[in-house]
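> sequence and predicted structure are below.
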Amino acid sequence: MSTLGLVTIGQAPRTDVTPDIAAALPPEVDIVEVGALDQFDSAAEVEAAVGPREGKAVYVSRLTDGTPVTVDRESVVGLLGERIRDLESEVTAIGVLCTGHFPSFDVSVPVFEPSDLLSAWVSTILDGGTLGVIMPKEEQEAMTFEKWADYDLVTAAGSPYAEEDEVSAAAAEIGTDADLIVMDCMGYTPEMKATVRESTDTSVLLGRSVLAKTAEEVL
């Protein structure tokens, strides 16, 4: 019996993400979930403790009640590392439910980071050409250009957590000239991917899918 630990930068359980990953795994694999923000009781507490700081990189996630939250990247890295270390003795491997880039975690089990997985998939698929990247917030544009600096980029912002559909507009902004598109947040769903693919007529990589396929192979 194998156990996959899933660690979100928001609050667990991630009922909007985990079912898609679980569906790809062998039935004998158990899943345990924890969140970097589990200790907080409200979005206001999250804002006070790890909210955005002027000029600093941000990540986007959600609480268990579905409330979207924007957090300071540097502040949430420490909380995420604590939860990963809490889990390492209980699981066979750990999957990070965020496509952001993190420093290496010094733990005794494999840690699947979607940022690294997406980077590997893109470098394998794309030989020159233009990479389209859809990110949740316009404030993440500088971070996105830094992350994907090896490629010619076209970017657009559209949050997967907004009440209104922001993904369709982001796909329209990307247009049809990209050779491959990355949906750079774990909140994006297979349905959103289908929308982007139809709008852009381009192959699309989804963070939760590459994590699930990797876990399926390893566990």
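Everything's here; your move. Residues are numbered from 1 along each chain as shown.

> wait, G81 sits on F105?
Yes - using Cβ atoms under 8 Å, G81 is in contact with F105, at 5.8 Å. Just so you know, the C-beta spots here come from the backbone N, C-alpha and C atoms, and that holds for glycine as well.

> residues contacting L211?
I21, G95, V96, L97, F112, P114, L117, M186 (Cβ atoms under 8 Å, 6 or more residues apart in numbering).

> who's in contact with the first one?
In other words, I21. L4, L6, I31, G95, R208, L211, A212, A215.

> what sits against the fifth one?
The neighbours of R208, taking Cβ under 8 Å, 6+ apart as the test, are V17, D20, I21, L97, P114, M186, Y188.

> list buried residues within those residues.
Buried members of those, counted by 16 or more other Cβ atoms under 10 Å: V17, D20, I21, L97, P114, M186, Y188.

> looking at these, which is nearest V46?
Checking these against V46 by Cβ to Cβ gives L97 as the nearest, at 16.2 Å.

> dump the longest helix seen in the chain to PDB, keeping only the CA atoms.
As assigned by DSSP state H, the longest helix anywhere in the chain is helix 73-87. In PDB, the C-alpha atoms belonging to helix 73-87 read as follows (Å, rounded to 0.1, in the frame of the first residue of the first chain):
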ATOM      1  CA  ARG A  73       5.300  33.800  -1.800                       C
ATOM      2  CA  GLU A  74       8.200  34.100   0.600                       C
ATOM      3  CA  SER A  75       5.900  33.900   3.700                       C
ATOM      4  CA  VAL A  76       4.100  30.800   2.500                       C
ATOM      5  CA  VAL A  77       7.300  28.900   1.600                       C
ATOM      6  CA  GLY A  78       8.100  28.400   5.300                       C
ATOM      7  CA  LEU A  79       4.600  27.200   6.200                       C
ATOM      8  CA  LEU A  80       4.600  24.800   3.200                       C
ATOM      9  CA  GLY A  81       8.000  23.300   4.300                       C
ATOM     10  CA  GLU A  82       6.700  22.700   7.800                       C
ATOM     11  CA  ARG A  83       3.700  20.800   6.500                       C
ATOM     12  CA  ILE A  84       5.900  18.700   4.200                       C
ATOM     13  CA  ARG A  85       8.200  17.700   7.000                       C
ATOM     14  CA  ASP A  86       5.100  16.900   9.200                       C
ATOM     15  CA  LEU A  87       4.000  14.500   6.400                       C
END
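
> right, I'll call it a day here.
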